[in-house]
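> Got a predicted structure here, sequence first:
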Amino acid sequence: MSTRYPCSPKQEIEGLIYFPRLCDKIRLHAEGKLGEDYHANLGAGMDLWICQFLGVDYAELSEIVLAGADDHQALAWARENGVQRPEHEVAWWNAYMRTRGFRDNLSEKLASRIEESGFGERDDVVTFMDYIDADEGRL
């Protein structure tokens, strides 16, 4: 089977960033289409952060997605079974995630990844989401 990249981490659903990528990674992994270098971080990193923000367990959410829920249904389940977040907290979350790696505690890690990937001369890769999109050929 051929591997595919999951959708952009910048993609939103119902105003919430990253959730479509999480669902996409779950489905691609189950189909055997997610690259092996993604496997170790399933349910960790940004996957874990959004599950924590929503107040749901990654394994339980994965079961819902793999049972056939589309992204909207999976998000509805998460909102019913997790933490209800007001609009201002969702706005905070989106801003926080969009800027991870830019002048924060992950800046050195991002700089290292940028150099390792040969993106050192690029001025359009300043956050982890930019890095992911560049690494996966979208930026």
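Nice, I can see it. Everything numeric here is computed off the predicted structure, so don't read it as measured data.
> what's near enough to touch residue 94?
For residue 94, the contacting residues are 12, 15, 16, 17, taking Cβ atoms under 8 Å, 6 or more residues apart in numbering as the criterion. Where you see a C-beta, it was placed from the backbone N, CA and C, and this is true even at glycine.
> redo that, cut-off 7 Å
Residues counted as contacts of residue 94 (Cβ atoms under 7 Å, 6 or more residues apart in numbering) are residue 17.
> Kindly list the main-chain dihedrals of it?
Here the main-chain torsion angles of residue 94 (degrees, to the nearest 10) amount to phi -60, psi -50.
> All the helices of this structure, in order from the start?
With DSSP state H as the criterion, the chain has helices at 19-30, 36-39, 45-54, 58-66, 71-81, 87-98, 107-116, 128-135.
> Of the ones you listed, which is nearest residue 4?
Comparing these against residue 4 with Cβ to Cβ, the closest turns out to be helix 19-30 (5.9 Å).
> Quick one: mean pLDDT for the closest one?
Along helix 19-30, the predicted local confidence has a mean pLDDT of 98.
> coming back round to it: kindly reformat the helices of the chain as CSV and extend each row with distance to residue 4.
Formatted as CSV, the entries for the helices of the chain read as follows, by distance: least, Cβ to Cβ, whole Å:
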stretch, distance to residue 4
helix 19-30, 6
helix 36-39, 10
helix 45-54, 17
helix 58-66, 16
helix 71-81, 16
helix 87-98, 22
helix 107-116, 21
helix 128-135, 14
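> Can you say which of those helices is nearest to residue 7?
Closest to residue 7 of the helices of the chain is helix 19-30 (Cβ to Cβ; 4.8 Å).
> Can you list the helices and strands that the closest one packs against?
Based on contacts counted as 3 or more Cβ pairs under 7 Å, 6 or more residues apart in numbering; DSSP states H and E, the elements that helix 19-30 packs against are helix 45-54, helix 58-66, helix 71-81.
> If you count neighbours, what's buried in the last one?
Okay, so that is helix 71-81. Of the residues in helix 71-81, those scored as buried under the neighbour-count criterion (16 or more other Cβ atoms under 10 Å) are 71, 74, 75, 77, 78, 79.
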